[in-house]
Structure formats: C-alpha cells, structure tokens
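*Asks:* Build me a model from this:
(2 chains)
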Amino acid sequence: MIDPSIAIIVFFAAALVALLSKVNRIIGDAASIFSTTFALITVIVNIYSSFKGNILLNALGVHIMINGYTSFLALVVSLIGLTVTVFSVSYIKEGIPRYQFFVLLTLGYLFGMAYSWNLLWLFIFAEICTICSAPLIAHHLDAKALEGAIKYLIIQTFAAIFTLIGIGIIYKQALEAGLAGISTLNIDTLAAARVLSGNVGKVGVILVFIGFAAKFSLVPIHIWLPDASTVAPAPISSLLHAMIKIAGIPAFLVLFELGYLFTDAITLWLIISVLGAITMVICTSLAFAQHDLKRLLAYHSVGQIGYVILGLGIGGLGMAYFKTTGDFYWLNITAIGLTAGFFHLINHTIFKSLLFFGSGVVEFKTKIKNIDQLEGLFKTMPFTGIAMLIGSLSISGVPLFNGFISKWMIYNACIGANEPILAAIAIFCCALTLASFMKVLSTAFFGGSVKNESPSDVPRSMLFTLFILSALCVMFGLIPQLAIKYLLYPATLSLMRTLVPQITQSTLPPVDLSISLLQFSGGFCDIYWLFTLIAMGLCIGYVIYRVSPAYQGATSEEKLMPFTGGALQDPYINIKEAMPSSSPFEHSFKPLLNVLKKMHNGLVNLYVSWIAVFAILMLTCVLMGWI
Amino acid sequence: MTDALSVIGGYLSLITLGFLFSWASYWSFRKLSARFQSRKGPPWYQPIADIIKLLGKELFIPKLANKTLYALAPMLALSSILTLTFLISPGITNWIGSTSWDLIVILYLSVLFSITFIISGAVSASPWGKIGASRETALILSVELPFALSLLVPSIAMSRLGILSLSLNDIIANQISGKVLNILPNWFIFRFPFAAVAMFACLLAKSYMKPFGDIPEAEQEIIAGPLTEYGGPLLGIFELARMFRFYVFSAIFVDLYLGGGGSFSFPLNVLVFLAKCFIVVVLMTLIDVINARYRISQASKWYLSTCLSLSLVDVIRALVM
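*Replies:* Next comes the predicted model:
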C-alpha cells in the first residue's frame, strides 16, 4: 500500500514546480507527467491491497479510506489526469505556467476527494476543485470564456450552500446523539451509528444530495455544464467531465448509505431513476440540435450521465426493495444496478475524453468549431478519424465497444427491477445518440470532400492519448469481465457491505452478475455467442462478395464520380442541405422543444432559480412524508 | 461441444427456412402488387434471379466514397438480419437460439439493420444517398420509441403475472393456454390490440413498405436513396439482406402478438407459424399497395403522435392490469 496522501503531496509539489515552466516548458510537462504517473501507480498498488480488506487512514487529519469504491474513483482520476497532461503537452500554447499549476492543483484535490471518506472533507475538496478549475475554464481569457467561468462559479457556489447546511444539520444530530469530532462524519460511522432521525435528518441528507447533484449535473441543475465545457480548452473539457463525476457521486453515496432514514426509500429511488431518464431524454434531444462540436459533446455528456444516474438509481431501488421484502433477488438487482452505473461512469469518462480530445485535435488543425463547415476529415487526418469513430460507436452503445456492455447491464437492471419503461427510454436514447453521431461522422469525417489534401499528422503526444483511450474502449468492450471482477464489483460490494455486512465476494452465491450477461435458453452461451453469430454473418456476406464472378474482374480502380442526374453542379452536398426541413422532434414536439430552449437561455439567474425550485420540490416531498 | 454444434445446426437450418420463406413471400409480394395494379407480375424464380444477376455484374465504387464502409455496409446488413433470423423463435417454445434477453437483442439488431442503410447512403458520396440517409435517420428515430414500447408490452404484462422474462420462448408459452373473453385465443393481439396496431405500423416502416417505409428510397424523387450508387455484388448482398425482412419482421409480430406456432407438436407448429407469417406478409402487401407515399415530416409526426399514444395506452394498461 502507498499512502494516497503522498501522491497528493506530489501533485502539489509538481504544481509549484510547474510555475517554473516560464523558463522552459519541459520542466512543467515533466512535473505533470511524473505526478500523474505516480498517482496511477499509487492507485494500482492500492487496488491490489484493497482486495485484502478496507484500510482507513488518518493522513494529515484527512480521513482516507482505501476500499473498492474509492480505488475505483481514484483510478478514474489518475487515468484522466495522465491523458490530460500528455495531451496538453503540445495542445496548450499560451499561459503554460498558469495552466499547469491549476491543472495539477485540481488533480491533486480531485485525487484527495476520490479517496476521502468523510462528508466534511468531501465537501472541502469538492469546493477547492471548483475554485481551482474556474481559471482553467477561463483559460482563453476572452469574454465568452470568462462568462462561462463566472457562471460556473456562481452556480456551484450556490449549490455548495445546500451541502454546507446539510452537513451542519447532520453534524448537529450526531452531536445530540453523543458523538463528536470530525470522524463522526465518516460515511461508515454515520451509516452504522444510525444517529439521524426524523424529518430534520432527512432534510439534511436531501440538502447534501442536492449540493452534490448540482456537480453531477442532474437534470434541473445540469445547465452550467454545456456552457462551461464549450468555452474551455479541449483537455479541460475532458478533465471537467471526469471531475463532475468524482465530485458528484457522493450525492448517491450519501443517499445510498443513509437511506435507512427514509420512510419510503422506494419512492425516493424511483424519483431519482426517473430523473436520470429525464436527463437522458432532454439532453440527448438537445444535443441533436447542436452545431458546435464541443457543445454537442457536452450535451451528450449530460445525457450519458443520465445513464449513470439510472444505473445507480436502480441499485438504490433494489436495496430499498431488499429492506422491505428481505428477498435476496433484490440484492442481485442492487449489485447489477450499481456495477452498471459504475461501469458506465468509467466508460463514459474514457470515451467522452476520447471524443473531446478528438474534437480538440480537429480544432487544433482546422480552427473550425462548427460541424457543418467541416468535411472530409477522414482523408486528411485518418488516425483522428478512427479514434472519433471508435468513440462514437462506444458512446452509442454499439456491440464490441465498452458503452454497449455498460448500457446493456443498465437495461438488464431496469428490467430486473420491473421498470421496463425506463429500459425502453434508455434504448431509445441510445438510438438518438447513434443518430446524432452519424450526423457528426457523416458530415465532418466521411463527407466526400472534393479538395485534395494530403494527410498530415498532428503531434505524436496527441495521437498517443487518442490511441490509449481507443484501446481502452475496445478492451473494456471485448473483455468486460476483467473490469467487472477486479474493479467494479469490489466497488459495488464495498458500498453494499456497510448496509448488509454479511456480503462478501466469496460468501454470497445469490449475488452474481451472470444474469446480466446474455444467456441462451440452453444456459451455456454468453454474449460472445452473439458476437460470433454476427461475425459469422459478416463472413457469409464476405464469401458471397468474394466468390461472385464480378469480384474476379473488379474494376474498382476506375475512378467514377457520383451520379447526380444533372440536377446538381457540385456532386457533394453536406448533410445540412440534405436534412428534411427540420428534425423529426422539431416537427412533433415543437412546443416542448420551445419550452426547453427557453429554459436554456444562458441567463445565470434562471439557472440558479432552477436549483432553488428543485430543492423546494425535494424538500416538499420530505416534509409531506412522501419519501 | 454438442451445444455449440446444435447452435450452428440451428443457425444453418433457420437461415435456410428464412431464406425459402422470404423468397416465397417476396415473390408473392411482387406478384400480388402486380395483380392489384393489373400487371402480370414476375415468375416465381424472379427474386433469386435478380440477386444472381447482380452478383455477376461489374463492381465499381465511386471516387469520393469511403471504400471500406461502402463495402462493409451490405455485409453488416446481411449479418444483422441473419443473426435476427436465428434468434427469433420459429413459433416453438423451446427454441435453442432464444436468449433470456431476446427483446433487447431484437431492438439492437433491427436498429443495426437500418443503420447499415444510413451508412451506405452517407458514405457513397451521392447527394441522393445523403438525402436518403437523412430521411432514414429521421424515420428510425420516429419509429424506434413506439416500436420499443410495443415490443415490451407482452413482457410487462407477463411481469404482472410474476414471469420476469424477455425471452420469446416464454412469451409464446404464455399465449398458448387460456382464453380471452372465453372465446378468443390468449394471444397478445387480443389482450393488447392498440400496441399490436402500433407494432404492425412500426414493422411496416422497418420493412420498407408504404405509406411511410419507403420514403428513404422514394424512386420518383431521389433515384434509390442510399442505394443509388450501389451496383454489382454489393447491391446483390444488400438485396439478399433486404429479402430476409419478410421473414424477420413478420416473425417478430407472430411470436409476440399472434401466439407463435400455438400448442401443436413439432413439425406442425412451425408450419402454423409460417402460415401466420404469410398472412402478415399479405396484410403488409395490401397496405403497401393501397397507400401512396407520404412526406417524411408526416411520417415522424404520425409515429410520434398516433402510434406512440397507441403503444403508451397499452403500456399503461399492462402496468395497471
């Protein structure tokens, strides 16, 4: 075991060293890459030692827990930290000391947040992260970047007030029960001691939930994210999307571990699952209407977070049912839901970073942000094109890529929990995502540009990042069991064990993940059979193609222009001209879309009031005794 | 090992069955349409003769097209539809290819089948292909939500009875015993007629039938839509894949809503199933013949309002019953 606080100190030291990169930027680059690599090694060593049991440390007054859950979050942070720093080496050209200083500070605090197991420390780390990342959003220092950063700060600070009040209430109840000291606020102490009670305790927990959910960008409080990540540099957008998950997931941790408090936890978790589904639908359909590549990705990001919320929500729902019925089937559903949520969290971090980096490369080369103005990129930058293709297929949940496995597990969890409508919505959003990325790919990448440009490479460090992330997408898609067994299942178990202490990986045969994988009625086949069958079909097609007499005398070398029937001078038109007058949603749901667009008018007052309205609604539910 | 052999055996035998059925129904589709329009119609071997002819024709790929995807699209279409052919139970309740998550696999693979069509249009560098691809995108987006909902209605209804399954085997078994209103068989079409209508409408769109399904390839407006540039063996593979739609999409409807092969013993239930499939094909043909083509905006409006509300009505009924 390596003490995670060493890695945090390394981050801070590297941040100070990076200030010297004014002299020579190699100093800063070396410091960043060294510290993130060190963090990655720390995490991997700690994952190994967490198999033997939980380790609770008190390093410099910070309560640090090393278990499956925290190791998983720390892995996400260090992975993204490494790719962000490597990508930034050739991407960021101005304000290098400032940029590297804040990136390393943010990463350090984020790393601390991933490992901390105490409500107060979670809050402190989350707020310092917010403050450190604001200068990064404003990195370009133009009016739009500053506006995005200020919006981000206002909304986050407003939400932080809720967390602080909530923690105050929880601490007061603990004091009344005779516990004192910061260690009272440790998650497992709070869960085990059962000091919270009554409506006051519920209000406290709900306030903490709302504060962290604003970081997670749950739907009524999601609005800051697209604005912030559109103006930030591409690696920062990617870092921001990893950050929201690490800083937001305590919302679910708190609700899950302190769920004993609620009179009707089933309703509570149903509300959260439905909010996840709404997040998916709203943000994915809004993404469909975007023309700025990064803004489109950001809306999809929120949409994908809807999947994570849905998975975790179903996990909580299973736990609530287990407490009511005592049926072990529901523990199974809890395990699948939580594992699916965590899996989609790490998958989303990987493929969304890949897509953001890809968009960064495109912007780096072409200086164009609008998708409609891009064309034929697959020919001029083939490696980026392949990376973007892999990223798009992963995010759309196409088999053989990682997004498919986690989405598949989420559908299974929904159906297992007897909520097939949520599954149908999730599948529909999957199709919507795919269609939206078809638009991007076919316009910007595959569109046949008539211009003859020779392929030109971007700097190697960028390609290296893209390669690593694409490889992870494919690896998690092909051998998901590896991640599930060593990373996600321990994370799930360490959450469940606080509530149901008799659960361990070996002593609990009823909780297994086998039902989440495809089973033929014979009972011997798994999801690989499906892949095999698809591959068999492809082979049949290819054989027909090869043996056909035409192939033998193929004249594909002959260059032919497309047939236009003389109706068009230029054989190439972009997808915008080809689109029917408007997208199907604008036809059918025009009133609804207009309301949605009004809700996203860019005024920070409106956004803040949405948080307040959401808080009032949730608190009304508590005080009326509905949850 | 014997299990692997039985899967491969099942795969090959169902592909043969699906191929023969699709051949017969594609021919009867063309013959019936011709007779309704006072034409003579093609001879029985016409569908397969077309494909064989195409396999022998010259192959060319447009200069501006992305060659890999251009060649991959038809093969992916064939692969997805063949996998679907294997997974969908031929009306029997112990079909070896039926999985515990059938309905989701069906949703995925049927979308994949439509997506290959979009890919082929988008990469072929033809303006007509682009227009067709964007129309197809709009169409599947409109169809997918009512389709997913009405696909899940039988499973929701069964979950109220305590059977938590997405397997077609279980759905067929559930329809075999019992009566609706003491006279009608216990088929889901009688229990949930609205969802059945919605499902049928969605299957029309998925199998390129009028009034909405052939908007992406409207030959009077955009030549052949996504397939404009295709020719030779690649078009042949596409045509082969599209021939299977007759079997796959009618089989989905029969298994889910028309009770599969019923309670008969082995060879007879498959025959009953095929007869039901053929009736569905004839119904589709009738609707295709008597309707004109609509605009894409009308299609998405119709699917996302009428069709979606039909399926929602039955989802709610299934949830509260």
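*Asks:* Shouldn't A:M65 be within a strand?
*Replies:* Yes: counting by DSSP: H, G, I helix; E, B strand; the rest coil, A:M65 is located in a strand.
*Asks:* Would you map the strands across the chain?
*Replies:* Went with chain A since none was named. Assigned by DSSP state E, the strands in chain A fall at A:55-59, A:62-66.
*Asks:* switch to chain B, that's the one I care about
*Replies:* Going by DSSP E, chain B shows strands at B:179-180, B:184-185.
*Asks:* Ok, which of the ones you listed comes nearest B:S110?
*Replies:* strand B:184-185 (26.5 Å; Cβ to Cβ). Where you see a C-beta, it was placed from the backbone N, CA and C, and this is true even at glycine.
*Asks:* what lines up beside the closest one in the sheet?
*Replies:* Strand B:184-185 has the following strand partners under DSSP bridges: strand B:179-180 (antiparallel).
*Asks:* residues contacting the residue nearest to B:F278 when sequence neighbours are not counted?
*Replies:* Of all residues not flanking B:F278 in the chain, B:S25 sits nearest, at 6.3 Å (Cβ to Cβ, 6 or more residues apart in numbering or on different chains). By Cβ atoms under 8 Å, 6 or more residues apart in numbering or on different chains, the residues touching B:S25 are B:246-247, B:250, B:277-278, B:281.
*Asks:* which of the strands of chain A sits most buried?
*Replies:* Of all those, strand A:62-66 has the most neighbours on average by mean count of other Cβ atoms under 10 Å in any protein chain shown, namely a mean of 22.
*Asks:* Run through the helices of the stretch 201-350 of chain A in chain order.
*Replies:* A:224-231, A:234-248, A:250-257, A:265-288, A:293-325, A:328-366 (DSSP state H, counting those that start in this stretch).
*Asks:* Serialize those helices to TSV and add fields for mean neighbour count, mean pLDDT and distance to chain B.
*Replies:* Shown next, in TSV, are these (neighbours: other Cβ atoms under 10 Å in any protein chain shown; pLDDT from 0 to 100; distance: least, Cβ to the nearest Cβ, whole Å):
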stretch	mean neighbour count	mean pLDDT	distance to chain B
helix A:224-231	25	81	21
helix A:234-248	26	87	25
helix A:250-257	24	86	24
helix A:265-288	22	86	9
helix A:293-325	26	88	13
helix A:328-366	25	86	9
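*Asks:* among the contacts of B:S25, which two are most distant?
*Replies:* B:Y247 and B:F278 (10.2 Å).
*Asks:* residues shared between the contacts of the two?
*Replies:* With Cβ under 8 Å, 6+ apart as the test, B:Y247 and B:F278 both reach B:21, B:25.
*Asks:* Which residue of the two possesses the greater neighbour count?
*Replies:* B:Y247 (29 against 17; other Cβ atoms under 10 Å in any protein chain shown).
*Asks:* Tell me if I'm right that that one and B:S22 touch.
*Replies:* Yes: counting by Cβ atoms under 8 Å, B:Y247 does reach B:S22; the two are 4.6 Å apart.
*Asks:* nearest to chain B, of the strands of chain A?
*Replies:* Nearest to chain B among the strands of chain A is strand A:62-66 (35.9 Å), distances taken as Cβ to the nearest Cβ.
*Asks:* ok so, going back, just the closest of the contacts of B:S25 to chain A, please.
*Replies:* Distances from chain A to the contacts of B:S25, taken by Cβ to the nearest Cβ, are shortest for B:Y247, at 14.5 Å.
*Asks:* ok, now which ones touch the closest one?
*Replies:* B:17-18, B:21-22, B:25, B:85, B:277.
*Asks:* Helices of chain B, start to end?
*Replies:* B:2-36, B:46-55, B:67-87, B:102-123, B:127-160, B:168-176, B:188-191, B:193-206, B:219-222, B:232-243, B:245-257, B:266-290, B:296-302, B:308-320 (DSSP state H).
*Asks:* interface residues of the stretch 51-200 of chain A facing chain B?
*Replies:* For the stretch 51-200 of chain A, no residue is in contact with chain B (Cβ under 8 Å from any Cβ of the partner chain).
*Asks:* what's the neighbour count on the closest residue to chain B within the stretch 51-200 of chain A?
*Replies:* At 26.2 Å from chain B, A:F72 is the closest residue in the stretch 51-200 of chain A, using Cβ to the nearest Cβ. By other Cβ under 10 Å, 26 other residues sit near A:F72.
*Asks:* separation between it and A:Y299?
*Replies:* 26 Å (Cβ to Cβ, to the nearest Å).
*Asks:* Repeat that for A:G360.
*Replies:* Using Cβ to Cβ, A:G360 is found at 17 Å from A:Y299.
*Asks:* Return the residues in contact with the closest residue to B:L319 other than its chain neighbours.
*Replies:* In space, and not counting its chain neighbours, B:L319 is closest to B:I156: 6.2 Å by Cβ to Cβ, 6+ apart. Counting by Cβ under 8 Å, 6+ apart, B:I156 touches A:420-421, B:315, B:318-319.
*Asks:* Packed most tightly, which of the strands of chain B would that be?
*Replies:* The highest mean neighbour count among the strands of chain B, using mean count of other Cβ under 10 Å, belongs to strand B:184-185: a mean of 14.
*Asks:* pLDDT of that strand, averaged?
*Replies:* Per-residue pLDDT over strand B:184-185 has a mean of 80.
*Asks:* Give the closest residue to B:E239 in space, chain neighbours not counted.
*Replies:* Spatial nearest neighbour of B:E239, chain neighbours left out: B:I51 (5.3 Å); criterion: Cβ to Cβ, 6+ apart.
*Asks:* Please report the confidence value the model assigns to the one you found.
*Replies:* 87.
*Asks:* isn't it right up against B:R242?
*Replies:* No: with contacts counted by Cβ under 8 Å, B:I51 stays clear of B:R242, the gap being 10.2 Å.
*Asks:* From A:I282, how far out is A:I137?
*Replies:* From A:I137 to A:I282 the distance is 23 Å (Cβ to Cβ).
*Asks:* which residues sit in contact with A:V604?
*Replies:* By Cβ under 8 Å, 6+ apart, the contact set of A:V604 is A:150-151, A:154-155.
*Asks:* got these as JSON lines, with neighbour count columns?
*Replies:* Formatted as JSON lines, the contacts of A:V604 follow (neighbours: other Cβ atoms under 10 Å in any protein chain shown):
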{"residue": "A:I150", "neighbour count": "14"}
{"residue": "A:K151", "neighbour count": "22"}
{"residue": "A:I154", "neighbour count": "15"}
{"residue": "A:I155", "neighbour count": "24"}
